[in-house]
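**Q** Here is my input; please provide its structure:
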Amino acid sequence: MRFAASFVALIALVACDGGPGGGGRGVVDSTDTGSAATNDTGRGGSDTGVNDSGAADSGTGHNPCSTTDAIVTDIDATLTTKDSEWLTQIVDSSHDPEMRPDANTLMQGYADKGYAIFYITARGTGIPMTDDRDPQTVTEDWLTEHGFPDVQPSHVMLADGLGAFGNGAESYKAQAIADLQGQGFVFDWGYGNATSDIGAYRDAGMDDSSLFMVGDLAGQDGVTGITNDDAYTQHLPFLSSVSDALCPE
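**A** Residues are numbered from 1 along each chain as shown. Predicted structure coming up:
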């Protein structure tokens, strides 16, 4: 059992976004062409995130007027300190991945301003864990335990199979965002650590001025950089420049 878990973990290390460079090797699951995750993997089934009036519903109650404005963020090495934190959790599901300082405070700050938060990760739903939970539940549990807002299946999205990486991760994330845009969400800001994150956000029509890259590639690829030392405590003052999400008329 330990050998099997370690073997799967080794595959998963490659699967998580393809590392900072976001290489070009496609989707691990050959049946997955990079489309957004299905109902069981974070698409939310009948909960589309849109209320009866047609306005997007963030689902947390922090903004009862249900604005469509939204934030998108990667998880591994973006909200956590490094990709290997997920690898360790695969081998030992009791492991608590280290969070970047104030990552939860940042996302809660956006939620308090009325933004819906979407967590779109290249983690795979088909990776066996060492306890009785599945990767979707493990991911949601970590977000909840660390005080992140909007933690619900329709807002936490994982890729199919063993995950996506490189160009496959970019395609998967871009499609997931496009699907949400089709539901009426407008993405104002995006956070990631890999070029595949930035590529996905650009593919979805987001402007470079609204994108942030954290970690080793901070300052590269023409978007705003947040260094490891700065993330996210030094970045929090940025929230004061962000307007509240507007309610529909």
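
**Q** and residue 98, what does it touch?
**A** 80, 81, 82, 85 (C-beta atoms under 8 Å, 6 or more residues apart in numbering). Every residue, glycine included, has its C-beta placed from N, CA and C.

**Q** Out of these, list just those in strands.
**A** In strands, defined here by DSSP state E, there are no members of those.

**Q** Helices along the chain, start to end?
**A** Counting by DSSP state H, the chain has these helices, from start to end: 2-15, 84-91, 103-112, 135-145, 167-182, 195-203.

**Q** Which stretch among those helices is buried most, on average?
**A** Looking across these with neighbours counted as mean count of other C-beta atoms under 10 Å, the highest average goes to helix 195-203: a mean of 25.

**Q** Residue 244: neighbour count?
**A** 12 (other C-beta atoms under 10 Å).

**Q** er, residue 155 actually
**A** 25.

**Q** Would you single out the least confident of the helices of the chain?
**A** Mean pLDDT is lowest for helix 2-15 among the helices of the chain, at a mean of 40.

**Q** Give me the below-cutoff pLDDT ranges for the protein.
**A** Scanning the chain for pLDDT under 70 picks out the ranges 1-67, 247-249.

**Q** Tell me which stretches of it form strands.
**A** So, for the chain - with DSSP E - the strands run 69-73, 116-124, 156-159, 186-192, 211-214, 224-226.

**Q** how deep is residue 216 tucked in, by neighbour count?
**A** 16.

**Q** Leaving out sequence neighbours, find the closest residue to residue 142.
**A** Excluding its sequence neighbours, the residue lying closest to residue 142 (C-beta to C-beta, 6 or more residues apart in numbering) is residue 97, at 6.2 Å.

**Q** Now do the one you found against residue 156, distance only.
**A** 15 Å (C-beta to C-beta, to the nearest Å).

**Q** Which of those two has more residues huddled nearby?
**A** residue 156 (27 against 21).

**Q** Name whatever forms a beta bridge with that one.
**A** Note on residue 156: beta-bridge partners by DSSP bridges are residue 119.

**Q** just checking, it touches residue 136?
**A** Yes: with contact defined as C-beta atoms under 8 Å, residue 156 reaches residue 136; the gap is 7.0 Å.

**Q** show me the contacts for the residue nearest to residue 85 when sequence neighbours are not counted.
**A** Nearest residue to residue 85, sequence neighbours excluded (C-beta to C-beta, 6+ apart): residue 97, at 3.6 Å. Contacts for residue 97 (C-beta under 8 Å, 6+ apart) come out as 80, 81, 85, 86, 88, 89, 142.

**Q** isn't the fifth one right next to residue 94, touching?
**A** No: the criterion here is C-beta under 8 Å, and residue 88 misses it with residue 94 at 10.2 Å.

**Q** Quickly list what's touching both of the two.
**A** By C-beta under 8 Å, 6+ apart, no residue touches both residue 88 and residue 94.

**Q** out of the strands of the chain, deepest packed?
**A** Taking mean count of other C-beta under 10 Å, strand 156-159 is the most buried of the strands of the chain, at a mean of 30.

**Q** Serialize the contacts of residue 97 to TSV and add fields for distance to residue 72.
**A** Formatted as TSV, these follow (distance: C-beta to C-beta, whole Å):
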residue	distance to residue 72
80	16
81	20
85	20
86	19
88	25
89	22
142	18
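
**Q** now, which of those residues sits nearest residue 122?
**A** residue 86 (9.9 Å; C-beta to C-beta).
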